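[1] fold the stuff below for me.
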Amino acid sequence: MAEVFGTFILVFFGCGAAVLMGAQIGFHGIAVAFGLSIVAAAYGLGTLSGAQLNPAVSLGFLLSGRMSSSDFVTYVIAQLIGATLGALVVMLIAQGQPDYSVAVNGLGQYGYGTGYNGSYNLTAALIFEFVAPLVFVTVILGATQSDSPAGFAGLAIGLTLVAIHLVGINVTGVSVNPARSFGPPSSSTARHWRICGSSSWRPWLVARWQAFCTAWASPGRTTPSRPATEAIRTSPKGPSRMAPFLFPRPRLNLPHDRTPV
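    Predicted coordinates for the structure are as follows:
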């Protein structure tokens with residue numbers, strides 16, 4: 001459930017900002033909303049599931065030997081469900097405005113071509129959606145290495161996502177995340193395919209390419225991850241370190257311990 005809720009937060013904050021407040025806050029505000037969603041999920045849910053929130057990130061951890069195949073499948077399914085639920089909630093809120101139409105206004109989904117933001121072509125969209133996830137997952141895996149500063153990974157990753165959106169919102173709306181690509185279009189199919197073209201394979205080509213290329217190009221395939229956040233627990237023994245961020249925590253023999261979703 002943690003991955004479901006975490007991906008829900010990502011889509012609800014990010015796409016919600018684009019749909020409900022886009023005219024007021026512009027691209028800069030939308031970029032910050034996406035980054036803050038990662039920070040919130042990382043520090044709020046990192047001890048439960050690792051708060052990966054992204055099939056491309058999960059694939060990077062799978063290919064780096066830091067996640068099992070069964071966990072990978074479970075995480076991806078949870079992420080797709082969370083993204084869809086987040087988009088549905090945004091749609092329900094947006095429909096409270098009289099002049100809103102999901103077919104016309106959409107749900108903050110990514111796209112390219114004439115009529116979408118800067119009207120960049122497919123080649124430009126593919127280049128951006130390869131380079132941006134490559135940078136993103138490189139930062140994630142680097143920030144969670146054993147010799148990285150403790151407690152700052154969530155902030156570094158969130159700020160990286162802000163920067164990626166500042167560069168690419170005008171190009172593709174920024175996917176960088178197959179789950180984020182899946183959620184909004186699943187609730188506004190007509191506009192999404194009108195923007196992206198009549199062939200339904202194009203958005204999934206971007207999503208699959210970004211996931212696999214990012215995972216294979218990511219560093220540290222055999223380097224263990226380290227805890228990326230710290231929590232102060234009130235106890236006679238003082239501070240204790242949280243479980244690794246962006247990676248499933250080890251099992252503990254405690255009554256409240258639960259297996260990550």
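
[2] rest of the way, CA atoms for contacts and neighbours
    Fine.

[3] how far away from the center of its chain is stretch 160-173?
    Relative to the chain's own centre, stretch 160-173 is displaced by 13 Å; criterion: C-alpha atoms, centre = their mean, to the nearest Å.

[4] give me the contact list for that stretch.
    Contacts with stretch 160-173, where a contact means C-alpha atoms under 8 Å, 6 or more residues apart in numbering, come from 27-28, 30-35, 108-112, 116-120, 124-125, 128-129, 132, 136, 139, 174.

[5] these in strands, which ones?
    Residues of the contacts of stretch 160-173 located in strands (DSSP state E): none.

[6] just the buried members of those?
    In terms of neighbour count (16 or more other C-alpha atoms under 10 Å), the buried residues within the contacts of stretch 160-173 are 27, 30-35, 108-112, 116, 119-120, 125, 128-129, 132, 136, 139, 174.

[7] how many residues are close by the residue nearest to residue 120 when sequence neighbours are not counted?
    Of all residues not flanking residue 120 in the chain, residue 113 sits nearest, at 5.2 Å (C-alpha to C-alpha, 6 or more residues apart in numbering). Counted by other C-alpha atoms under 10 Å, the residues lying close to residue 113 total 20.

[8] swap in residue 176?
    33.

[9] how about it, nearest residue that isn't a chain neighbour?
    residue 133 is the one closest to residue 176 (C-alpha to C-alpha, 6+ apart), at 5.0 Å.

[10] do you know how far that neighbour is from residue 2?
    As judged by C-alpha to C-alpha, to the nearest Å, residue 133 and residue 2 stand 22 Å apart.

[11] more neighbours, these two?
    Each of residue 133 and residue 2 has its neighbours counted (other C-alpha under 10 Å); residue 133 has more, 27 against 24.

[12] so how far is residue 90 from that one?
    25 Å.

[13] what are the ranges of the strands in the protein?
    Along the chain, counting by DSSP E, strands occupy 230-231, 240-241.

[14] worst mean pLDDT among those?
    Across those, the stretch with the lowest average pLDDT is strand 240-241; it has a mean of 31.

[15] what's the distance between residue 31 and residue 25?
    From residue 31 across to residue 25, the span is 10 Å (C-alpha to C-alpha).

[16] and residue 66, by the same measure?
    38 Å.

[17] these two - which one has more neighbours?
    Using other C-alpha under 10 Å as the criterion, residue 66 and residue 25 rank with residue 66 on top: 19 against 15.

[18] could you find the closest non-adjacent residue to residue 6?
    residue 41 (5.4 Å).

[19] and that neighbour, what does it touch?
    For residue 41, the contacting residues are 6, 9-10, 51, by C-alpha under 8 Å, 6+ apart.

[20] among those, name the ones in helices.
    Taking DSSP state H, the ones among the contacts of residue 41 that sit in helices are 6, 9-10.

[21] number of nearby residues for residue 65?
    15.

[22] now the phi/psi pair for it, please.
    phi 80, psi 20 (degrees, to the nearest 10).

[23] again, but for residue 95
    When read as degrees, to the nearest 10, the backbone of residue 95 gives phi -70, psi -10.

[24] show me where pLDDT drops low in the stretch 1-150 of the chain?
    Nowhere does the stretch 1-150 of the chain drop to pLDDT under 70.

[25] could you redo the last one with a cut-off of 80?
    Within the stretch 1-150 of the chain, the stretches with pLDDT under 80 are 47, 50, 60-61, 63-66, 103-104, 106, 109-110, 141, 144-148, 150.

[26] so where do the helices sit in it?
    Using DSSP state H, counting those that start in this stretch, the helices of the stretch 1-150 of the chain run over 2-45, 55-63, 69-94, 102-105, 122-143.

[27] mind giving me a markdown table with these and columns for distance to residue 178?
    Shown next, in a markdown table, are those (distance: least, C-alpha to C-alpha, whole Å):
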| stretch | distance to residue 178 |
| --- | --- |
| helix 2-45 | 11 |
| helix 55-63 | 6 |
| helix 69-94 | 8 |
| helix 102-105 | 21 |
| helix 122-143 | 10 |
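
[28] let me know which of the ones you listed is tucked in deepest.
    helix 55-63 (a mean of 26; mean count of other C-alpha atoms under 10 Å).

[29] this completes my enquiry, with thanks.
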